[in-house]
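[1] Provide a 3D model corresponding to the input given below.
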Amino acid sequence: MIRFFSMTRTRVFAGVFSFVFALGTVTAQETKMVSMPKYISNCLFNFSRNINWPEGNRSGDFVITIVGNKEVFAEMTRLTQNMKVGKQAIQIKYCNTVGEVSGYQQMVFVAAWQSTKLKQLVEKTAGMSTLVVTETEGMTSRGAMINFAAADGVMRFELSRENLQKSNLLASTVLEKMAL
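    Numbers count the residues shown, from 1 in each chain. Below is the predicted model of the structure:
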């Protein structure tokens, strides 16, 4: 009886040790999760550095407008503090709806809940060399140049060369390789 108890206790201990060891291994291999607003903001900043704007759009502030997502606006404002695109200081603007967007901006990010208004934005920015970025499936077929999309459980982005060309914009080869 004592021998049985001793063997059982040893097996339980070994099982618990193995479980704890396995937990430690899983924890060590976990990938750090990044919030969606932080991911989008980092991508937008990288897009600003990997899109070629016409010469006439490379003076004054580099304006990025965030439509309908205050979390992305806050993160983008934090991320780009004291940053530049080329020689241009970055200015982040917020609009609650697409209807509020006015004037020139190099880039506009449209939150999913405003994606039904994409046509209005594309018409508003026609001929202005404005990069339109969305986060709703199917938006590149409706005028967006870049759209965030999930692929195999990972958030990525798709890029429309045709829509970029219509706006007189050119993506770097690095950006094209990263796109779906």
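[2] use CA for all of it now, contacts and neighbours both
    Will do.
[3] per-domain residue ranges of this protein.
    1-30, 36-178 (automatic domain parsing).
[4] which one of those has the most crowded surroundings?
    Among the domains of the chain, ranked by average contacts under mean count of other CA atoms under 10 Å, first place goes to domain 36-178 (a mean of 17).
[5] gap between it and the chain center?
    9 Å (CA atoms, centre = their mean, to the nearest Å).
[6] Would you mind measuring the gap between the ends of that domain?
    18 Å (CA to CA, to the nearest Å).
[7] can you pull out the strands in the chain?
    51-52, 62-67, 84-85, 88-95, 107-110, 131-134, 146-151, 154-159, 170-171 (DSSP state E).
[8] and the spatially most central residue of the chain, what does it touch?
    Geometric centre of the chain, nearest residue: Ile40, 2.3 Å, by CA atoms, centre = their mean. Ile40 makes contacts with Val72, as judged by CA atoms under 8 Å, 6 or more residues apart in numbering.
[9] pLDDT at Lys32, what is it?
    Predicted confidence (pLDDT) for Lys32: 62.
[10] same check, this time on Phe21
    Looking at Phe21, the pLDDT reads 36.
[11] Please apply the same query to Gln106.
    Confidence score, pLDDT, at Gln106: 97.
[12] how close does it sit to Gln91?
    On the measure of CA to CA, Gln106 and Gln91 end up 10 Å apart.
[13] can you tell which of the strands of the chain is closest to Ala179?
    strand 154-159 (5.1 Å; CA to CA).
[14] Strand partners (parallel or antiparallel) of the closest one?
    Strand 154-159 pairs in its sheet with strand 146-151 (antiparallel), by DSSP bridges.
[15] Thanks a lot, catch you later.
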